[in-house]
Structure formats: C-alpha cells, structure tokens
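In: Return atomic coordinates for the entry below.
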Amino acid sequence: MKKYLIEGIEKIGIKVSEEKLDNLMKFLKLLMDYNSHTNLTAIRDEKGIIEKHFLDSLLLMKHFQLESGKAIDIGTGAGFPGMVLAICNPGIHFTLIDSVGKKIKFLNQVIEELKLDNVEAVNIRAEEFINPENRETYDLGFCRGVSKLNIILEYIIPFLKVGGRFLPQKMQGTEEEQQSSNALNVLKSSLENSFIEKLPYSLEPRIILEIVKKDKTNLKYPRKTGIPTKKPL
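Out: Reported below is the predicted structural model:
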C-alpha cells in the first residue's frame, strides 16, 4: 500500500518526506483497525481510502505554501483533510473540529500514537467553539463535503484573519459558487480562484475553491446553532 500511496503522490506532483509517508501509513493502519468496529468512513478498502481520502486531501497542498501559522478544519470527520495535512505540514498548527464524539476520540488516538504536537482535535460545533481568543486568528480554513458553501462560509470565515484563505473542496456541477455570492458579500470575502484537479488513479474531477477574507467579520456571525442552516445567507 505504501507504494500505491507514493505513486499517487508523484502523480499529484507534490513532495512528501519518508518520515511523513511512514506517519501516513500509520494513520491508515489506525483508521482501518478502528473502522473495523466503529464506523468512521463508508470506504473500507485500503486503496479506496488512500485515493479518496488521503490523496484527495493532499491535492490541497498544491494550492497553499505556508510553512508556519494556524489552520482549521471544520467537520473533519475521520481527519480529512485536516489530519493528512497536519502530518505533512508539521510547522502549521491544525485545529480539527467535529461534532461527532467517536471521530474526535479516534483522532486523539492518532495524535497520541503518532506523537503529533501540531494538531488538536475538538469535539464541538464550530459556532460553539468560536470565542474572542480564536476569532480571526487562523491563516487557512478547510472543509470537505460539509453543508452547502453558503452555509459553511458563515461557520469558517469568522475564524480567519483578514487575508486568510479558505480552500473548500467541492464536487463538480453543484453550482454552489453561484449560490454563495450574497454570503461572500456579507462576510466580506471573495472567490479568487476555482481549481479543477483530478484524483490520480480514477481521474475523478475535484474542485478546490480559493476564498480570501478581505475585511473583519461582523461579530454577529456565526449566528446561533441551527440558524445558518435554516436561513442561509
């Protein structure tokens, strides 16, 4: 499986050191073991997990060059893309958030067993996690497949610094970008780029958006639990 991962990384066109590769393989083993008794991901086979979780997450590394700073991944699930990126970017401190306790329990086991000191996993909702100490302190934001873009923008933009970048991953054909123009305007952010990538083996298309925060976010955002979903911006 390590060869399959290495070849996929080469096809993507990024570089990952041997030590990081070893940690990714350890993460894979922990995920496979844990997923055998606790449902973390619907994908069960190793090759499927490597391509559709690991390599899909690593596509993001083509679109940010940050050696230090802070990143947040909302709705991280079993650690995608956040844990994969944290393993491969030790100079960046990652906060991984998910409201499902069993997933955060698993991620804390990964953190402990891999001895990662640049990542924290928090069992909480994003709108409950934000406070004066962490509001507008993150350089990068990530989110993969959680809610529509106009909803997730309200949760993640308040965490970003002015000039910070949000790199959500979306499937083709959703047209979520067009539906998010009002949310971007209200949250003083702009869609700067839309990158079309492909998974290295299946060649399935992936879209990575680049959203840049232009000005401070009004303190009333994010609104209370449930409101962003019921009444999207």
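In: Would you mind pulling the contact partners of the helix or strand of the chain with the lowest mean pLDDT?
Out: The weakest-scoring helix or strand in the chain, judged by mean pLDDT, DSSP states H and E, is strand 169-170 (a mean of 85). With contacts defined as Cβ atoms under 8 Å, 6 or more residues apart in numbering, strand 169-170 is touched by 56, 59-60, 81, 142-145, 149, 176, 206-209. C-beta coordinates here come from the backbone N, C-alpha and C atoms, glycine included.
In: Skip ahead from that strand and say which helix or strand is next.
Out: helix 181-186 (DSSP states H and E).
In: what about that next one, distance to the chain center?
Out: How far helix 181-186 lies from its chain's middle: 21 Å, per Cα atoms, centre = their mean, to the nearest Å.
In: name the helices or strands packed onto that helix?
Out: If you count contacts as 3 or more Cβ pairs under 8 Å, 6 or more residues apart in numbering; DSSP states H and E, helix 181-186 packs onto helix 149-156.
In: Show me the contact partners of the helix it packs on.
Out: Contacting residues not belonging to helix 149-156 are listed as 72, 74-75, 126-127, 141, 143, 146-147, 166, 168, 170, 176-177, 179-180, 182-184, 187, 189, 209, 211, 221-223, 228-229, 232-233 [Cβ under 8 Å, 6+ apart].
In: Repeat that for stretch 187-200.
Out: Residues from elsewhere that reach stretch 187-200, judged by Cβ under 8 Å, 6+ apart: 7-8, 11-12, 51-52, 55-56, 59, 62-63, 153-154, 157-158, 166, 172, 177, 180, 184, 204-217, 221, 233.
In: PyMOL command to pick out the buried ones of the residues you listed?
Out: Those of those that meet the burial criterion (16 or more other Cβ atoms under 10 Å) are gathered into one PyMOL selection, given here:
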select buried, resi 8+12+51+52+55+56+59+153+154+157+158+166+177+180+184+206+207+208+209+210+211+212+213+217+221+233
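In: In helices, which of the contacts of stretch 187-200 appear?
Out: Counting by DSSP state H, the part of the contacts of stretch 187-200 found in helices is 7-8, 11-12, 56, 153-154, 184.
In: how about these, which pair is most distant?
Out: Glu7 and Glu154 (39.2 Å; Cβ to Cβ).
In: in the protein, which spans are strands?
Out: Along the chain, counting by DSSP state E, strands occupy 69-74, 92-98, 119-123, 138-142, 160-166, 169-170, 189-198, 205-213.
In: Let me have those in a markdown table, extended by distance to Lys20.
Out: Formatted as a markdown table, the entries for the strands of the chain read as follows, by distance: least, Cβ to Cβ, whole Å:
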| stretch | distance to Lys20 |
| --- | --- |
| strand 69-74 | 16 |
| strand 92-98 | 13 |
| strand 119-123 | 13 |
| strand 138-142 | 18 |
| strand 160-166 | 22 |
| strand 169-170 | 21 |
| strand 189-198 | 20 |
| strand 205-213 | 21 |
